[in-house]
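J.: please work out how this folds:
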Amino acid sequence: MLGKFKRLEIANICYANVSSMFAAFCCAKNQGPNFRWENFPAMMERHAEHWIMLADVKCQDKELAKLTAKQFAREIATTLISHAEFI
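T.: Numbering: from 1, shown residues only. Next up is the predicted model:
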């Protein structure tokens, strides 16, 4: 189990990265021909594991940290595109 502060650390990493990617993709010139907002949450979920490794999150259960990051990333991405009414 991850502690409260470790979950907050992971959430902050995900918020920073998903928000940055969201802002970048809001600009049409950054969207490739296959880009779809419907695919954005899954794309962010795939990237989340790398963000945790790059941030060098210290915890005993690395797999749980990666899983938690994936869940946070998907939730954040889904919320952003929903509030922006992109889907």
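J.: just the element for the most centrally placed residue in the chain, please.
T.: Geometric centre of the chain, nearest residue: residue 73, 2.8 Å, by C-alpha atoms, centre = their mean. Using DSSP states H and E, residue 73 sits in helix 62-83.
J.: so where's this structure uncertain?
T.: Within the chain, not a single segment meets pLDDT under 70.
J.: buried residues in the helix holding residue 73?
T.: Buried residues in helix 62-83, counted by 16 or more other C-beta atoms under 10 Å: 65-70, 72-78, 80-81. Just so you know, the C-beta spots here come from the backbone N, C-alpha and C atoms, and that holds for glycine as well.
J.: so how far is it off the chain centroid?
T.: 5 Å (C-alpha atoms, centre = their mean, to the nearest Å).
J.: list the helices and strands that helix packs on?
T.: Helix 62-83 is packed against helix 4-26, helix 40-54, with contacts defined by 3 or more C-beta pairs under 8 Å, 6 or more residues apart in numbering; DSSP states H and E.
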